[in-house]
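[1] take a look and give me a structure for this.
(one chain, ligands or ions: 2)
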Amino acid sequence: MTRINRAACVGGGVIGGGWIARFLLAGIDVKVFDPHPESQRIVGEVLANAEKAYAMLTGAPLPPRGKLAFTTTIEAAVADADWIQESVPERLDLKRGVLNQIDAAARPDALIGSSTSGLLPTELQRDMRHPERLFVAHPYNPVYLLPLVEIVGGEKTSAATIKAAMDRLVPIGMKGVHIAKEIEAFVGDRLLEALWREALWLIHDDICTVETLDDVIRYSFGLRWAQMGLFQTYRIAGGEAGMRHFLAQFGPCLAWPWTKLTDVVDLDDALVEKIGQQSDEQADGRSIRELERIRDENLVGILQTLKGSDGGKGWGAGKLLKDFEATLWADGGNPETPRDTSQPLRLIETKVSPAWVDYNGHMTEHRYLQVFGDTSDALLRLIGVDLAYVEAGHSYYTVETHIRHLGEAKLGQAIHSTCQILSADEKRLQLFHALYDTETGETIATAEQMLLHVDSKQGKAVTAPAEVLVKVNAIAAGHAKLAIPEGAGRHVGQKR
Ligand SMILES: NC(=O)C1=CN([C@@H]2O[C@H](COP(=O)(O)OP(=O)(O)OC[C@H]3O[C@@H](n4cnc5c(N)ncnc54)[C@H](O)[C@@H]3O)[C@@H](O)[C@H]2O)C=CC1
Ligand SMILES: C[N+](C)(C)CC(=O)CC(=O)[O-]
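    Ligands and ions are numbered 1, 2, ... in the order given. Presented below is the predicted three-dimensional model:
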């Protein structure tokens, strides 16, 4: 996999800050130039949000966070970077000046991406000495959670640059889409701009308030879009005859007066004030940071749901997350790492995600099984039972689980799990997991599990191979010296 080694971010506002967090959390060192006097505070706050979100998003081992440094010149920020991301305000003259400065100071092989929402790359690269390495890398806010990047080349951008840019997004959990022809606002902002323009008319004409308009989106097609987009949603809306019937039925409406898209609303003071006031009322006193936190929690929940969709294979952005986690496990769940077997193995570190919380306000039952299952999976990787092993036709299956609930895990709480091997033979693994509140060290739950080594093609238990048993036995020998944990061997209804 082709990776970014060192990144530079020129501009550290809403979008630059999001890029910085995305790079750092993928383990990449980042140098930042932004003349704003409070840029360190602003970036710090975005990073704190991103770290909270990632802790809820995934239990996979993130690499050690990259190093963050602020510089006083563009030159110092970009000199040794191999990916430079420009995210300065949306003004062609400003962006051109900044990009020319980056171009003059960057390594010749560095890739230069612009976050522009709609300016043409041909315009941006006009005065560059090495225009072939400039491309648009248009992300979506918040960059650390939303994976899409529109990659757009200009007339002078080389095909090699486009390919290199697309490849380098994969290891940071992003999805590049190459837009075939450059066009103002690319694809995403073309669509958003059309909706935005129509929305402004609806407010201007007092058809609805900003809150009603947002409700129309978020209680209906907004929910559909996150998982199927537009065309696939409309295919289904055509009934059994699909898209062709949909086009036949709703095609004529396009010629009816259903939109005002060709006219641009005049954003005069009165309209700005009207929208501003309605937006303040809608926010109901919540700060931008608070709204960001709610947005991030919801996005994490949606991504996790999509990860489990399509029979567990993952769907859309959830499939991307699943694939990203597989690479994190492959990189970070290093089975060769020597482990201290004089105590239970500490295997999963995570935070209680919004999607895990039930009507009682704490982690719901099946999520305990998920965390304990993840703990068993982490142990399996340590003994060499990884995805390649499973694909080759063998695995361990869980045949019994007993969970005890001893405490509560609340939204956002940091938790971790440990695993002790109680017994092991050539087919069986008897495990005792414990889940802790990371801050207080209190035990929240325990689980005892029995796993059987299986030939998954034949569907029957078989002896595990010697290379797996060597690793199992090394851990089991250490754990045999530990006391049997309190709660091991319990069953429902047993007297204390
Ligand atoms: N805000 C959004 O939703 C999205 C914005 N974008 C694009 O990202 C870019 C940045 O937009 P935002 O982050 O929203 O703006 P912003 O106003 O939040 O941040 C811009 C930052 O650039 C800094 N800056 C100004 N002049 C500079 C210079 N000469 N060198 C380095 N830094 C400089 C400012 O101090 C500020 O921190 C724009 O091109 C925008 O179109 C792309 C996707 C979404
Ligand atoms: C409003 N905007 C044009 C800056 C929006 C974007 O570019 C993408 C987004 O995140 O919505």
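[2] what's near enough to touch residue 170?
    1, 176 (CB atoms under 8 Å, 6 or more residues apart in numbering). For every residue, glycine as well, the C-beta is placed using N, CA and C.
[3] so is residue 399 in a helix, a strand, or just coil?
    strand (DSSP: H, G, I helix; E, B strand; the rest coil).
[4] how about whichever residue of the chain sits closest to ligand 2, nearest residue that isn't a chain neighbour?
    When distances are taken as CB to the nearest ligand atom, the chain reaches nearest to ligand 2 at residue 117, 3.4 Å away. Spatial nearest neighbour of residue 117, chain neighbours left out: residue 189 (5.1 Å); criterion: CB to CB, 6 or more residues apart in numbering.
[5] would you confirm that that neighbour contacts residue 119?
    No: assessed by CB atoms under 8 Å, residue 189 is found out of contact with residue 119, at 10.6 Å.
[6] who's more crowded, the two?
    residue 119 (21 against 17; other CB atoms under 10 Å).
[7] would you say the more buried one is within a helix?
    No: read with three-state DSSP, residue 119 is coil and lies in no helix.
[8] would you agree it is in contact with residue 93?
    No: using CB under 8 Å, residue 119 makes no contact with residue 93, being 10.7 Å away.
[9] for the stretch 251-400 of the chain, which segments count as helices?
    269-283, 288-307, 317-332, 365-382, 387-391 (DSSP state H, counting those that start in this stretch).
[10] now the ones you listed as JSON lines including mean neighbour count and mean pLDDT?
    Below are the helices of the stretch 251-400 of the chain laid out as JSON lines (neighbours: other CB atoms under 10 Å; pLDDT from 0 to 100):
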{"stretch": "helix 269-283", "mean neighbour count": "13", "mean pLDDT": "96"}
{"stretch": "helix 288-307", "mean neighbour count": "17", "mean pLDDT": "93"}
{"stretch": "helix 317-332", "mean neighbour count": "18", "mean pLDDT": "90"}
{"stretch": "helix 365-382", "mean neighbour count": "19", "mean pLDDT": "93"}
{"stretch": "helix 387-391", "mean neighbour count": "12", "mean pLDDT": "89"}
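[11] quick one: which of the ones you listed is nearest ligand 1?
    Of the helices of the stretch 251-400 of the chain, nearest to ligand 1 by CB to the nearest ligand atom is helix 288-307, at 11.5 Å.
[12] which elements pack onto the closest one?
    helix 39-57, helix 222-228, helix 317-332 (3 or more CB pairs under 8 Å, 6 or more residues apart in numbering; DSSP states H and E).
[13] outside of that helix, which residues touch it?
    Under the contact criterion CB under 8 Å, 6+ apart, helix 288-307 has outside partners 45, 49, 52-53, 56-57, 142, 145-146, 226-227, 283, 286, 314-319, 321-322, 353-355, 411.
[14] at 6 Å what do you get?
    49, 53, 56-57, 145, 226, 314-318, 321-322, 353-355 (CB atoms under 6 Å, 6 or more residues apart in numbering).
[15] perfect, I'm done here.
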